[in-house]
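K.L.:
A predicted structure for the sequence below; I have some questions about it.
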Amino acid sequence: MRRSVMIRLALFIIATLVSLVYLAPTFVHPLPAWWSRFLPTDRIHLGLDLQGGSHLLLEVKVDKAIENNVERVKADLTNVLRERGISGVTVERVQGTQLQLKVPAASVERVRGLLKSDFANLTVVNTQTGGGMTDFFLTLSKEELRSLRDYAVDQSLETIRNRIDQFGVSEPVIQREGQQEILIQLPGIQDPERAKEIIGKTASLEFKLVDDTVNVEDALKNGPPPGRQILYGYVGKGEGSVGDKTPYVLESRTLMTGEYITDARVRPSSQLQGPYVELILNSTGARLFEQITGANVKRRLAIVLDNRVYSAPVIQERIGGGRASITGSFDIKEARDLAIILRAGALPAPVEIIEERTVGPSLGSDSIRQGILSFVVGISLVIVFMILYYKGAGVLANVALIFHILFLLAILAAFQAVLTMPGIAGIVLIAGMAVDANVLINERIREELRAGRAPRSAVEAGYQHALPAIIDTNVTTFLSGVILFQFGTGPIKGFAVTLCIGILTTVVTAVYMTRIYYDYRMVTRKLTRLSI
């Protein structure tokens, strides 16, 4: 018995010391220089409502993602028809997401077989026959449309999360809301406009050839020739005035896209035009880029991001090794933002900010003061009640409550959790629930004492009879917290986190810590009377 008590007491002391170590970075500033070498530096982060920041609600334009997919299907269908030797068939996109195939009568059955075998995601909605031709009107199946919509939102969510992680925001909230909306909360963000620019960029990177045989002025007046397009490159801060445009006549055909990029890094330039962004391609992209540059030596290759020409260098020789660069007259911040966007990947569809709120630091300070006040008042009332009603046993319950809060905050710090106002409310609530377990134990001990049992026997019976009820109530509350966390949004999740963690620390302190105290008194034969 004595050995068991000493082991449990030692474990409890170790847990207390570990908790103090994890809480030190949150409450001690600055930490000693040697601290970070051996000890954890994670701390409790404050949520948007406590430290201020930006709240954004984005809508993903899923219809645009579907249109882009239909364009890819159109290109694939054209290539497959060419590979199978089915000639005379034209493929056009009509009515947004519908494809029209004009098929000669002799090839109708072959086309039907091709659609059935290779394009099962397309549904024939109508056919028209006349003039020796059959028109097939195709659209994406309902299952494919639903899958594309979910993919567009989920991929946008993941891409935005990657961008924000690289932007350096501490503990952001990024989650899906509704069918095609994404909620973003950026606590403590100092430059919301820059964050919005990084988040919202579609980042569609394309490599296209410049057609220098076409006169740019004529193309601007009369329109570009067939198979050509006019895009603009913007003069950066290093040359001319910001906003000046340089027109380029480009071949409409895209030689390569940004899907082959594995990394993007900012590199300093040895010349005066500022830094540039180095692209690192995967093995497939490296082979493709080498083929493109080898076949177009002495031609200009335009690097286009979101229909903006960043640079159009002359290809001097075949470029191998899987590296390319984007040069331009941008400063270091612009180059870094561009690298973040390219490294995180392209958004599958444009996003639009439909709601924006900014929480100032002063409002956050007011929330902190109110939260601390509610916490102090709530805990104080609990402590006073327990002392007045249970005397010495109430003091023991209050000591257990203090350790419960210590362990709870230490776990929040260890997991770098975000503390919000609802989270503080959860801590206040769980403080009442923590002493509730002691109330059950103390009442059972009182009953046993009234029945004439000795103090030692009354304590053992009290814990034995109260424990099932304590476990039942805490398990059901814990499961409720898990459900709130799984299906709730930001504030509800903050409440659920503190609730679930608090349930665990409640059982440890209110039940097992107080039992260590009583067992220790039993071992030392000092449990001759109880103040309860």
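P.N.:
That came through fine.

K.L.:
can we go C-alpha only for contacts and neighbour counts from here?
P.N.:
Fine.

K.L.:
what's around residue 37, how many residues?
P.N.:
Counted with other C-alpha atoms under 10 Å, the neighbours of residue 37 add up to 8.

K.L.:
next one: phi and psi at the closest residue to residue 104 other than its chain neighbours?
P.N.:
Counting by C-alpha to C-alpha, 6 or more residues apart in numbering, residue 104 lies nearest to residue 133, which is 4.6 Å off, once chain neighbours are set aside. The main-chain torsion angles of residue 133 are listed as degrees, to the nearest 10 and equal phi -130, psi 150.

K.L.:
beta partners for residue 133?
P.N.:
Here residue 133 shows beta-bridge partners residue 104, residue 130, assigned using DSSP bridges.

K.L.:
Is it correct that it is in contact with residue 101?
P.N.:
No. With contacts defined as C-alpha atoms under 8 Å, residue 133 does not count as touching residue 101, sitting 9.7 Å away.

K.L.:
Which one's more surrounded, those two?
P.N.:
The residue with more neighbours, out of residue 133 and residue 101 and counting by other C-alpha under 10 Å, is residue 101; that gives 21 against 18.

K.L.:
Name the helix or strand for the more buried one, please.
P.N.:
For residue 101, the enclosing helix or strand under DSSP states H and E is strand 98-104.

K.L.:
just checking, next helix/strand downstream of that strand?
P.N.:
Remark: after strand 98-104, the chain's next helix or strand is helix 108-118, criterion DSSP H and E.

K.L.:
Give me the buried stretch members for that next one, please.
P.N.:
Of the residues in helix 108-118, those buried under the neighbour-count criterion (16 or more other C-alpha atoms under 10 Å) are 108, 111, 114-115.

K.L.:
what does stretch 498-511 give?
P.N.:
Residues 498-511 are the ones in stretch 498-511 that count as buried (16+ other C-alpha under 10 Å).

K.L.:
now do stretch 210-222
P.N.:
With burial defined by 16+ other C-alpha under 10 Å, the residues of stretch 210-222 counted as buried are 210-211, 216, 219.

K.L.:
Tell me the bridge partners for residue 209.
P.N.:
For residue 209, the beta-bridge assignment (DSSP bridges) gives partners residue 301.

K.L.:
so how far is residue 463 from it?
P.N.:
80 Å (C-alpha to C-alpha, to the nearest Å).

K.L.:
Residue 429 now?
P.N.:
Looking at residue 429 against residue 463, where the rule is C-alpha to C-alpha, the gap reads 23 Å.

K.L.:
if I read this right, residue 86 contacts residue 107, doesn't it?
P.N.:
Yes. Under the criterion of C-alpha under 8 Å, residue 86 is in contact with residue 107, at a separation of 6.9 Å.

K.L.:
Can you add distance to residue 353 and pLDDT and give the buried residues of helix 108-118 back as CSV?
P.N.:
What follows is the buried residues of helix 108-118, written out as CSV (distance: C-alpha to C-alpha, whole Å; pLDDT from 0 to 100):
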residue, distance to residue 353, pLDDT
108, 47, 85
111, 43, 86
114, 42, 87
115, 39, 86
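
K.L.:
now the angle from the strand holding residue 101 to helix 108-118?
P.N.:
Note on geometry: by axes from the mean of the first three to the mean of the last three C-alpha atoms, to 10 degrees, strand 98-104 and helix 108-118 are set 140 degrees apart in direction.

K.L.:
Next, residue 135: secondary structure please.
P.N.:
Counting by DSSP: H, G, I helix; E, B strand; the rest coil, the backbone at residue 135 sits in strand.

K.L.:
what's downstream of the longest helix anywhere in the chain, the next helix or strand?
P.N.:
For the chain, the longest helix by residue count, based on DSSP state H, is helix 455-487. The element immediately downstream of helix 455-487 (helix or strand, assigned by DSSP H and E) is helix 490-506.

K.L.:
Kind regards, and thank you for your time.
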